[in-house]
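K.L.:
From the sequence below, what's the structure:
(chains A and B)
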Amino acid sequence: MPAFRAVRRQEPLGWGSCLVFVTAVLLALAVGGLLLAVQGKPALAGLWLLLQSAFGSGFALEDCLIKAAPIFLCSVGVGLTFRLQIWNIGAEGQFALGAIGATWAALTFPDWPWYVLLPCMLVCASLAGALWGGIAAALRLKLRANEIIVTLMLNYVGILLLDFLVYGVWKDPGSFGFPMTREFSPAAVVGRIGDTRLNWGLGLCLAIGAIITVFLRSTRLGYELRACGENARVARYARLPYNGLVVMVMAVSGALAGWAGFLEASATLGRLQPSIMAGYGYTAIVVAWLADLSPLRIAVASFLLAGLRVGMETLQLDLQVPAAFGGILEGCVLLAVLAAGFFSRYRLQFRRQA
Amino acid sequence: MTFEILLSLLAATVQAGTPVLYATLGEILTEKGGVLNLGVEGMMLVGALAGFLVALHTGSPILAFAAAGLAGGALAAVHGVVCLWFLGNQTVSGLALTIFGAGLAGFFGTPYIGRAAPGFDKLALPGLGDIPLLGPIFFQQDALVYLSYLLPVALWWFFRSTRWGLAVRAVGESPAASRAAGLNVAACRWAALLGGGVLVGCGGGYLSLAYTHLWTNGLSAGRGWIAVALVIFAFWRPSRAMIGAYLFGGVMAFQLRLQAMGTALPSSILLMLPYVLTIAALAFSSWRSRRLAAPAALGVTLEPSE
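P.N.:
The predicted structure is shown next:
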């Protein structure tokens, strides 16, 4: 018999769960440091360099915000599906489709003025992303096919579709054989905010964050979404439109990831090329879960994990640490936070020796 | 298509299906015990790297294969700590495990990209290898393929006729009843999870030790997820897992042949085939059986006081 047993807490832990969360993150950083040491790199100095180059300068903070935007868009979307206990793991593929949709518009109508072309690209990106999410929703509802696997497989298909286009029909004849499309016309590029390197995609993120927050808190549909997420069966008895919600949420989630793809293609790269697939869609899953699915916390978590990516770039250059180190930290943080959640739900009760 | 080409295509089918078969059987074992482990992709990658590194440094393929299995089991243990000790969400933990495993394999594997290591070579079985048709397809393979023929039978017998196998199934169906009957539910779930993890790791090891003999990042290319889909396709039955794995092996081998023959179809379209087939197979099998014969307590977190 162990000396203690776990008892479910009657009331939530409150500030204690914040402490638990911080401990979990520190634990993950410790694992990261250990792995650095194993490879013969300076552990503490490496972690410090990671943090400092991520958040230590205005230039770095700009980078964080630029990278946070696509993560945020993908994550808000998958966060909506997670509320319904629908597991959209396909933000990566929906991101690719969005980039493809936006690129199609940019390449087909290069002469349109920006105030027509940019909205058109946005719509095409939404439709393409929503289609990719909608396929998974339809297969789940009509055939009960597991949406985790369908969305994952669609990730691979979407990325290969992007490859097919940039290596084939959309390849720029003047690119010396590199797989990339022609550069977008200036009208197809999302503008920058003032003198900064930030683009108006950030404004898009703020708007979406506000809309989703209001939607969840103050609309009937948002309430229904939250209710269905608590318990699908109860929701059906209450005649809430569960199936409709699944389709809507998957389509919206896909469209949002598609927007992220549109922003990356238009504002960051100015064309479509394979390097656009940077794994934002997978990071979005980590972010959504760390943030407990709340849009505001998703914004914070997106910023922090974008910082991890920015810091990793320096670590790669200065210490020759493989980029995969960022993935290790992401996975570790998520695993540690999952395990630590135990302490906010349960308390340990020590047994008296009989 | 000439006869020889068809034979070699079928032999390549068996080889391409073998890593998926190991992983699918491993996940069946884990899920039969009621634990959902979506970390298969990450476990395969870590297994593949562990196998590769041990082969490179010791030169012993057998040690390397064991290391691949152990690495898969070790990563499964992380899942166990998060989900069975700390009662974390099994779906999310599995996803995190894949991200973590892919990171680990990339982190330690990057310096070795493109390096070759010793592994398992083809070894025609005397007698069996000379049977017309069946010989070249099934019995002119490497030792790990022969081992994989025995596994579905062993697993089938394990679940059907051994005390341990029945215990694992009982725990996956009804933890409460199993506990009432005096079984140690937690121990059974741990055993199924770890055993399954070892098999998945072996599947990863097959990739680097027999399939390619060399290391590249992202070696598993979604095979772990295909294995998770095949568990559903197989209705949690080891025998059907074999059919599913070879179906996929067939598509992969076919797609590679077409590429090698220089068809007009672009390679990215051909590479989509296995993933599209996974979706089709999943949709078909889910539609075929309304009640999916899944273990009733699959993915259910056990309250500590129960």
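
K.L.:
hey, which helix is longest across the chain?
P.N.:
Picked chain A for this. helix A:114-143 (DSSP state H).

K.L.:
think we crossed wires, I meant chain B
P.N.:
helix B:3-32.

K.L.:
which parts of that one are buried?
P.N.:
For helix B:3-32, burial by neighbour count (16 or more other Cβ atoms under 10 Å in any protein chain shown) applies to B:7, B:9-32. Where you see a C-beta, it was placed from the backbone N, CA and C, and this is true even at glycine.

K.L.:
B:V200 belongs to a helix, doesn't it?
P.N.:
Yes. Checked against DSSP: H, G, I helix; E, B strand; the rest coil, B:V200 lies within a helix.

K.L.:
Show residues contacting the lowest-mean-pLDDT helix or strand in chain A.
P.N.:
Scoring the helices and strands of chain A by mean pLDDT, DSSP states H and E places helix A:232-237 at the bottom, with a mean of 72. The contact list for helix A:232-237, computed with Cβ atoms under 8 Å, 6 or more residues apart in numbering or on different chains, reads A:84-85, A:224, A:227-228, A:242.

K.L.:
Tell me the one of the residues you listed nearest B:V78?
P.N.:
Using Cβ to Cβ, A:Q85 comes nearest to B:V78 of these, at 24.1 Å.

K.L.:
The closest one is in what secondary structure piece?
P.N.:
Assignment of secondary structure by DSSP states H and E places A:Q85 within no helix or strand.

K.L.:
now do A:F95
P.N.:
A:F95 belongs to helix A:91-108, assigned by DSSP H and E.

K.L.:
Look up the pLDDT of A:I193 for me, please.
P.N.:
Reported pLDDT at A:I193 in the predicted model: 85.

K.L.:
so where's chain B uncertain?
P.N.:
For chain B, applying pLDDT under 70 flags the ranges B:1, B:290-292, B:305-306.

K.L.:
and the stretch 151-300 of chain A, which residues reach chain B?
P.N.:
Contact residues, the stretch 151-300 of chain A versus chain B (Cβ under 8 Å from any Cβ of the partner chain): A:152-154, A:156-157, A:160-161, A:163-164, A:167-168, A:282, A:285-286, A:289.

K.L.:
Any quick PyMOL command for the buried ones out of these?
P.N.:
Selection of buried members from these for PyMOL, criterion 16+ other Cβ under 10 Å:
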select buried, chain A and resi 152+153+154+156+157+160+161+163+164+167+282+285+286+289
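
K.L.:
Now for the residues of the stretch 151-300 of chain A next to chain B: which two are most distant?
P.N.:
Pairwise over these, using Cβ to Cβ, the maximum falls at A:G168 and A:W289, 36.9 Å.

K.L.:
what about B:G182, distance to chain A?
P.N.:
Separation of B:G182 from chain A (Cβ to the nearest Cβ, to the nearest Å): 16 Å.

K.L.:
Let's verify that residue: helix, strand, or coil?
P.N.:
Going by three-state DSSP: B:G182 is coil.

K.L.:
do A:L348 as well
P.N.:
strand.

K.L.:
From what I see, A:A251 and A:G134 are in contact.
P.N.:
Yes. Using Cβ atoms under 8 Å, A:A251 makes contact with A:G134 at a distance of 5.0 Å.

K.L.:
What residues does the stretch 51-200 of chain B have near chain A?
P.N.:
With the criterion set to Cβ under 8 Å from any Cβ, the stretch 51-200 of chain B comes near chain A through B:78, B:81-82, B:85-89, B:91-93, B:95-111.

K.L.:
Please name the residues that touch the spatially most central residue of chain A.
P.N.:
Nearest to the geometric centre of chain A sits A:A284, at 2.0 Å (Cα atoms, centre = their mean). By Cβ under 8 Å, 6+ apart, the contact set of A:A284 is A:71, A:74-75, A:77-78, A:91, A:257.

K.L.:
Mind doing that once more with 10 Å?
P.N.:
A:A284 makes contacts with A:70-79, A:88-89, A:91-92, A:95, A:253, A:256-257, A:260, A:298, A:301-302, A:305, as judged by Cβ atoms under 10 Å, 6 or more residues apart in numbering or on different chains.

K.L.:
One more: A:A257?
P.N.:
Contacts of A:A257 (Cβ under 10 Å, 6+ apart): A:70, A:73-78, A:88, A:90-99, A:125-126, A:129-130, A:132-133, A:280-281, A:284.

K.L.:
now, the most widely separated pair of the contacts of helix A:232-237?
P.N.:
Spatial extent of the contacts of helix A:232-237 (Cβ to Cβ) is set by the pair A:Q85 and A:E224 at 14.1 Å.

K.L.:
Those two - which one has more neighbours?
P.N.:
A:E224 (17 against 13; other Cβ atoms under 10 Å in any protein chain shown).

K.L.:
where's that one relative to A:L143, distance?
P.N.:
Between A:E224 and A:L143 the distance is 25 Å, computed by Cβ to Cβ, to the nearest Å.
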